[in-house]
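Q: Fold the following and give me the result.
(one chain, ligands or ions: 1)
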Amino acid sequence: MEIRTLGTTGLKVSRLGFGAAPLGNEYGGMENGEAKRAIDLAIDNGINFFDVAPYYGLTLAETRLGEMLKGRRHEVILATKVARYGLASFDFSAARVTRSADESLQRLQTDYLDILHVHDVEFGDKRQIVDETIPALRRVQEAGKARFIGITGLSLRMLREVAAEAPVDCMLSYCRYNLLNTDVTSINPEGLINASPLHMGLLTPSGPPPWHPAMPVVRETARRIVEFCQGRGISVTDTALQFALDNRSIATTFAGMSTTAEVRQNLQALAGSPDPEILREIEVLAQPARGRIWKAGRPENYDPNME
Ligand code: NAD
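A: Numbering: from 1, shown residues only. As a prediction, the model looks like this:
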């Protein structure tokens, strides 16, 4: 497994990270024993970076991950989040995010987090995040409960603007660098974590979960890419992962996984690289979806191309 340095944190993270949103049943039910085996298989094969949040399964993912990492916590770099607690439930106040960090430590059965992110900054008030939330996380860091702090979100503008006013150690953007969307290349920050290389399930043979927010043209484009790969006898998930992980300016990429089959296949994908001719054809197919992204958060925090 290739290990890369995560920006100024100096953390040595695996090029492929384990996204634990599926542990919150975000993509349908999962089986505990199988998920535990998937996590062990991932760690045994060098995946050392894990991402979770209180929001995933409304604390279920954190609780499960804490249980499944028992005895192996020291082998991984563990990231979780504060401020998002439901589909429309947010609290960016200093008091809530400070308490939230302690709750996550308990659920994850650890006494420190490697990274503590502010979850989906576009849903907050920029002034509050800059003046209150991030300073509160710095105090959590000073207390030794988090080694580094960062921000996550869909709005690249908001990620850039918050980081410009309140410097953070890293940032995570999702659905903005994969076969369907490459918008993140417009900000190119140091220490970037890319999430959702399969565009939250759109780039899989079984397709997206019911809650997927993408507009029809993006779904339709994804379906064409999946069918194109099937027609050529190649794996769409392998191609999508290889494309995302090939970009050297992205430190690491979180893919959501909860089965040994997914972990095994995604590890195997790392060993190969996509056929440039196939990528060129996919690039043409992907054009209708490029630059197309749904609205998320407060209107004042939207990216100009959100629709
Ligand atoms: P993803 O693009 O990684 O897709 C996940 C889906 O793909 C799941 O249904 C999973 O079962 C499936 N999958 C994975 N490997 C597969 C394979 N080989 N074959 C078939 N299906 C496969 O989307 P994601 O899980 O939403 O994103 C990855 C992680 O990034 C999340 O788990 C989360 O930790 C993080 N994330 C964070 C934010 C945020 O902070 N705002 C947002 C999105 C994602």
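Q: Touching, Trp294 and Ala214? I think so.
A: Yes: contact criterion Cβ atoms under 8 Å: Trp294 and Ala214 qualify, at 6.2 Å. No exception for glycine: its C-beta is placed from N, CA and C like everyone else's.
Q: and these two? which has more neighbours close in?
A: Ala214 (22 against 13; other Cβ atoms under 10 Å).
Q: Just say helix, strand or coil for that one.
A: With DSSP: H, G, I helix; E, B strand; the rest coil as the basis, Ala214 sits in coil.
Q: who are the neighbours in contact with it?
A: His199, Leu202, Pro208, Ala222, Trp294 (Cβ atoms under 8 Å, 6 or more residues apart in numbering).
Q: Glu62 now?
A: Val52, Ala53, Pro54, Tyr56, Thr80, Ser104, Arg107, Leu108.
Q: got the phi/psi numbers for the last one?
A: Right, the one you point to is Leu108. phi -90, psi 0 (degrees, to the nearest 10).
Q: how about the helix or strand containing Arg37, does it reach the ligand?
A: For Arg37, the element it lies in under DSSP states H and E is helix 32-44. No: if you take Cβ under 6 Å from any ligand atom as the test, helix 32-44 misses the ligand, and the best it gets is 10.1 Å.
Q: Which strands or helices does that helix pack on?
A: Applying 3 or more Cβ pairs under 8 Å, 6 or more residues apart in numbering; DSSP states H and E, one finds that helix 32-44 contacts helix 60-68, helix 260-271.
Q: C-terminal to the last one, which secondary structure element comes first?
A: Counting by DSSP H and E, the element after helix 260-271 in chain order, helix or strand, is helix 276-286.
Q: One more: the first one?
A: In the C-terminal direction, the helix or strand that comes right after helix 60-68 (DSSP H and E) is strand 77-82.
Q: List the buried residues for stretch 8-16?
A: Residues of stretch 8-16 classed as buried by neighbour count (16 or more other Cβ atoms under 10 Å): Thr9, Leu11, Val13, Ser14, Arg15, Leu16.
Q: who's in contact with the closest residue to the ligand within the stretch 151-300 of the chain?
A: Closest contact between the stretch 151-300 of the chain and the ligand, by Cβ to the nearest ligand atom, is at Gly256 (2.0 Å). Going by Cβ under 8 Å, 6+ apart, Gly256 touches Gly19, Ala20, Ala21, Pro22, Glu26, Tyr27, Ser196, Leu198, Met200, Gly201.
Q: State the distance from it to Ala35.
A: 12 Å (Cβ to Cβ, to the nearest Å).
Q: which residues are common contacts for these two?
A: Pro22.
Q: Restricted to helices, list the contacts of Ala214.
A: Within the contacts of Ala214, residues falling in helices by DSSP state H are Ala222.
Q: Glu2: which of the contacts of Ala214 is nearest?
A: His199 (23.0 Å; Cβ to Cβ).
Q: my guess is the closest one meets Tyr177, correct?
A: No: using Cβ under 8 Å, His199 is not in contact with Tyr177, being 10.0 Å away.
Q: for the protein, which spans come out with low pLDDT?
A: Within the chain, the stretches with pLDDT under 70 are 188-190.
Q: Can you tell me which residues in it are near the ligand?
A: Checking the chain against the ligand by Cβ under 6 Å from any ligand atom, the hits are 19-22, 27, 51, 119-120, 152, 172, 174, 195-201, 204, 237, 254-257, 262, 265-266.
Q: out of the residues you listed, which are buried?
A: Buried among the residues of the chain next to the ligand (16+ other Cβ under 10 Å): 19-22, 27, 51, 119-120, 152, 172, 174, 195-201, 204, 237, 254-257, 262, 266.
Q: and the nearest residue to Gly46 once chain neighbours are set aside, how many neighbours does it have?
A: Nearest non-adjacent residue to Gly46, counting by Cβ to Cβ, 6 or more residues apart in numbering: Met1, 2.8 Å away. For Met1, the count of nearby residues is 12 (other Cβ under 10 Å).
Q: How about the contacts made by Met1?
A: For Met1, the contacting residues are Ser14, Arg15, Leu16, Asn45, Gly46, Ile47, Asn48, Leu270, by Cβ under 8 Å, 6+ apart.
Q: Between these, which sits nearest the ligand?
A: The nearest one, if we look at the contacts of Met1 relative to the ligand and count by Cβ to the nearest ligand atom, is Leu16, at 10.3 Å.
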